[in-house]
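Asker: Sequence isn't available, so here's the structure alone:
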């Protein structure tokens, strides 16, 4: 297809929709035809799917087909978590060569070291409206009023939801602006929509009942939804999850050809570098494993922006073994709602025993364990010097 | 599937592989069978795909099937860029309700305002090894030596690649550590692998030729690959792309029911909030559109961690129109290599006229234009108060 | 004095001390003599002071004299605060030419615009110990135990202080580490020492009473004392103070030759720049005025590191006037304890009506008002183009 | 003095000035009288000084007296730097009890461990104007034009200064804004004014000679003068200085009762904490020593905001000794200009052999060595548990 084709598309030419039967094979085909006509692009593979378009309302608009993202299977990964217990086979949807192989190697190392301990240590999903007062003093007093009316605000918020619970309201002031950050637990859903709705109800109650009926915006940009931020790292967004393991010195040497002492020395260097450059994660590459897992299991993949943040903390033990932990302070995941119920996504969750009600903490623990596996493997490869070589052999490193 | 199933999987039970015929339908099925047996998960839909497993070496290991991610079609989006010119229909792979509809609305607003101007203003892909010297003084002198031998280092690096060009070497010192950040242009590839290989060659040349033969690590964690960081925002990772538009006051009022004056006032509040909380992006939700576009087109989706960073800069014009720009300082994209050539991914690139050689700047411009469209739509919705309502109607907001 | 002199000083040659009469003119002279002998430096002016050495225990060790830092008088500055009300003359101790003149100009602008409103909107001083548990799960449970035993912990902490009150304990987890951030109000003292002592008592109580008797460190480096940090900006360290004013369009034009419209346009640019580079303050130069005021009034000047952080928030009003606010989220000040009672420092506090008991909020408000004055003046100068010129005429701009 | 007094001061009552004889004892007294009259504050001690008011033009306006800041003498500190060599006695101007004693203890530890190695590894002082172009594309092209005309821009800049040299121009783009960051070496001056003047000349040259004669602001707020920022940490502001030492295991145990192994374990915890909270310094308290040294020696103390940033990097050696480095990436100091030539300030510089021409690198090295001494002492105290105790005995910890 040539550049010019796009250029000649008639302006205002709207994508076909059907008010009544929009989520059908026919309409998907109609849109593929429309697109092909205007751009010359052949959409043959995109049109090949087994999911039922009728399941898609609430997940996508203007459906025309699917992206087929290849899934590789890694594992087994031994986890001794609070919720995730046993050996897991992990579906990773990716197009990046070596990723599955690398995580697989890390899983083996961790499994041979006795497995990964995991725990969800905090849970907060939030919306953060901002109220605009007359001056700073009024904003401070408004904040006190909010504290005093917390129960009524909670009642207003929770009236909109069966599963969401308002836990606390953080307050942050700039000039005459009082940012409220409403923190919720949201059950098995990620909760961004649920908390939006509940927070709107809370804000309307506040606006109605506060003597000055202050103006507000539903988001003052400090949520910070779909964005990495320091407030997320500090105060948790979604779940704060820890994976930790004691890597056996012998296992590391055998599997990766690296000594734990060497690893710990390198750790000092990498931590200093991460600190210097203001990185969102002082570990290696949490985003890789998380993204692959998110795509496979129907997570809101844009949350990788928040979820990839991490703090690695390690110690060299007296016996030469290596304590290695990874804390993910802003892991946003779900086992209910969003894309989790779609055809392939649900199957991937089932592969992990994580589909349905009451599974989200288990899934969060698996996410953290997978990340830790990837940390060990990439770090080992960088130290052993086979990092580039393996990409050359396994990856699309062709130019 | 029950929790217990995973728990009883036999430890060390390896995923089936075949040294010779691993990328085949048969082996994919064998792995699905293996997984089903151990976990009870039915992998029917995962096994439904049209891509040819024989195309997957270099993209995934232990292939067992695909994730089907629904694609919605948004557009047309009018772009008046340096490379992207015309009206574009944009494939967005997502499972999040309202996303396509919201971007679509923003595209209409921008198109009715005369379109989006776009430009790639910088390009740098990097690897950042660290050299370990005896003390700070030696590290400084080492840095000078590197500066003096830049041509030889470049020759060593470029000997490994046809398309990569070493542009400059940034240097950052901590104690006796000299971090080098080798910056490359990488053509149509994202370039992470290419630069890894070239940088290894450069490091080996340095180690061999510098009088003290200093020890190095190929990554000192300041690349910062797959991680948001301040250094990426400042010094660009991948491409620094700008999308800008003059939103017409009347169009905004008609389409979104919001006045530009109100928008600008709100902008002051949101910018202050973003600054306070240390956000990676002072705009609204770049990650949403980018992620959907990345999945559809075979990008390395984990790069959302870097790519979602952004700086929004706006001005209210004298005539009441609204100048709106979004700068993405670390957009990592490709139109060659990685997952771009896979079956559905290639089709989505073709839909944009972006498949193949010499298209990456065009694609980067489209990415930025899409992001800008999403900014206008979500910000408008937040201000107009229909944000929660639309999620309720269109999204999986069921609890 | 030559380099060699320092080089030949005999190693281990200790500075003279006297166990009983160390805080005397004689011992100060003895130390000056000692220093002169070893370094050749003439310490004549350093030995010229009027303070009574007998007042210095608790403020300095090895006293040998004073630095004479010139004080310039700025003002009057009209403040309409909660605690600071009236017109103030402000002592600024500095050696930087134009600083006093510039702040003076800003004070005039603000006074002619009706004065500055000020308010202390939050107060928290903290110590942040870290408890080291066996694993992440134990650390989370430890955190819950702390929540449940808050009253006893408070009692233990407050048993060590008359004025300190433990308000809440923030908790932040990394791996098996549970960082506690104990927040206090500390009356008129800055409170770093008071909170250190109270927190030690709290930690010892916890260690004694928690079933696992966990190990702790009194500081896990997240206080973050004497360091700028995001946690300080978000959660307040010392006092969160706002100064706000409506700058009259005519006054700005007359005094600084700048239009408010131009100012607001420039504001968008400067805010974007500050955001991009990860600045601790998106305003102009809070550190200048604060430092001069801190030195004059006996504050712990090292707290400039925390205190200089700020968030500027502005709006252009419909009538062309300019709403300008500066929020200082981590202002650490005192009117009691530390250096506030020393001879000249006390006089400077008295000049502001801020010496003694119950004055710290008043003083904090003055600090913020002074900062705002400086913001208007420097920003005006940068826009009007006389910034460099004035430094040339008034400053030590001689090379 | 009562609050009301300030309140009743007549508005517009200007501080007395004399166009011809303003820098005299008489005018200083006149201003003290004026202040006393209006506020009731007795300015007896403030009026006690030995400096000659005639030396103050260029350092302060509206001079009325001095702050007497007590100086304690610490040392000897053994330094084996590139420029600072020998044993130094360090004047620390502070009002904070234990500060001098604590640094003194650290100096002893370092001296007994063989001294501190120091080096200035980079030098850059900058001004950062912003040019406003029509759109992003024009801004990019403008940036290329700047690159191509670097020699002429340099000539224009350097025409205004004898000592300043323009080394390179960093460029950072947001939307249509092209921020230039002009980097200079500035000899023995800190150089903020020098670079301001040179940069104005450079900007005027650009505006005159670029075909579009673009508008500019002399500061786009990314300098970032008097503000901590990530760009300063990364790219150096002032000087990047390293102090490093190998602390002897036995010396540490003897002097501080702490084992190096324990220290290294604690280091992992403190580094993780610093990273989590977004601290400007992952060490202990660089600001304390630097501030005291800055006040004593006539530095621009407001630069503590930038200068207190730091990166600590350590390793435990095989023999149990402890390699400890502190890198200060943004140390802004001078031995010429500003307050360095004032009466007491010059004497303190002379005490260090650092007054006058060609001494600034030596002074910078001393600063870093002092900081490292403070790190060892405070960290040792925190670990040994005598931190609070010593403040109680030595400090003003009275409430």
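Answerer: That came through fine. What you are looking at is a predicted structure, and each value in this text was computed from that prediction instead of being measured. Residues are numbered from 1 along each chain as shown, chains lettered A, B, ... in the order given.

Asker: all strands for the stretch 251-399 of chain A, in order.
Answerer: Under the criterion DSSP state E, counting those that start in this stretch, the stretch 251-399 of chain A contains strands at A:311-316, A:322-331.

Asker: And the longest one, what does it pack against?
Answerer: In this structure, strand A:322-331 makes packing contacts with helix A:230-235, strand A:238-247, helix A:260-277, helix A:286-297, helix A:304-307, strand A:311-316, helix A:360-384, strand C:165-174, judged by 3 or more CB pairs under 8 Å, 6 or more residues apart in numbering or on different chains; DSSP states H and E. Any C-beta I mention is one placed from the backbone N, CA and C, and that applies to glycine too.

Asker: just the helices in chain A please.
Answerer: Here chain A has its helices, by DSSP state H, at A:3-8, A:25-39, A:99-112, A:136-148, A:150-158, A:192-209, A:230-235, A:249-256, A:260-277, A:286-297, A:304-307, A:343-351, A:360-384, A:387-394.

Asker: Of those helices, which stretch is the most buried?
Answerer: Ranked by mean neighbour count, these are led by helix A:304-307 with a mean of 32 (mean count of other CB atoms under 10 Å in any protein chain shown).

Asker: got the residues of chain A near chain C?
Answerer: Selection of chain A residues close to chain C by CB under 8 Å from any CB of the partner chain yields A:82, A:117-119, A:121-122, A:135-137, A:139-140, A:143, A:172-177, A:230-231, A:234-235, A:240, A:242, A:244, A:278, A:311, A:313, A:325-327.

Asker: still on that earlier bit, tell me which of the strands of the stretch 251-399 of chain A lies nearest to residue A:36.
Answerer: Within those, the stretch nearest residue A:36 is strand A:322-331; the backing value is 39.7 Å (CB to CB).

Asker: Could you tell me which strands the closest one is paired with, and in which direction each runs?
Answerer: strand A:238-247 (antiparallel), strand A:311-316 (antiparallel) (DSSP bridges).

Asker: got a markdown table for the helices of chain A, with mean pLDDT too?
Answerer: Formatted as a markdown table, the helices of chain A follow (pLDDT from 0 to 100):
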| stretch | mean pLDDT |
| --- | --- |
| helix A:3-8 | 36 |
| helix A:25-39 | 97 |
| helix A:99-112 | 97 |
| helix A:136-148 | 98 |
| helix A:150-158 | 98 |
| helix A:192-209 | 95 |
| helix A:230-235 | 98 |
| helix A:249-256 | 96 |
| helix A:260-277 | 97 |
| helix A:286-297 | 98 |
| helix A:304-307 | 98 |
| helix A:343-351 | 98 |
| helix A:360-384 | 96 |
| helix A:387-394 | 65 |
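
Asker: Tell me which of these lies nearest to residue C:129.
Answerer: Of all those, helix A:230-235 sits nearest to residue C:129, with 17.0 Å by CB to CB.

Asker: how far does that closest one sit from the chain's center?
Answerer: 15 Å (CA atoms, centre = their mean, to the nearest Å).

Asker: now check that helix, is it near chain B?
Answerer: Yes - using CB under 8 Å from any CB, helix A:230-235 reaches chain B at A:230, A:231.

Asker: Other residues contacting that helix?
Answerer: By CB atoms under 8 Å, 6 or more residues apart in numbering or on different chains, the residues outside helix A:230-235 that reach it are A:124, A:170, A:181, A:183, A:222, A:224, A:280, A:306, A:309, A:311, A:329-330, B:277-279, C:172, C:230-231, C:234, D:276-278.

Asker: which one of the helices and strands packed on strand A:322-331 lies closest to residue C:321?
Answerer: Nearest to residue C:321 among those is helix A:230-235; the distance by CB to CB comes to 32.6 Å.

Asker: buried stuff in the lengthiest strand in chain A?
Answerer: Counting by DSSP state E, the longest strand found in chain A is strand A:63-80. Residues of strand A:63-80 classed as buried: A:63-79 (neighbour count, 16 or more other CB atoms under 10 Å in any protein chain shown).

Asker: Give me the subset of those that also touch chain B.
Answerer: Okay, of the buried residues of strand A:63-80 touching chain B (CB under 8 Å from any CB), that's A:63-76, A:78.

Asker: Quick check: the farthest pair among those?
Answerer: Going by CB to CB, the pair spanning these furthest: A:64 and A:78, at 41.8 Å.

Asker: Next one: the residue of the stretch 101-250 of chain A found nearest chain D relative to residue B:186, how far apart?
Answerer: Residue of the stretch 101-250 of chain A nearest chain D, by CB to the nearest CB: residue A:230 (4.8 Å). With distances taken as CB to CB, to the nearest Å, residue A:230 is found 31 Å from residue B:186.
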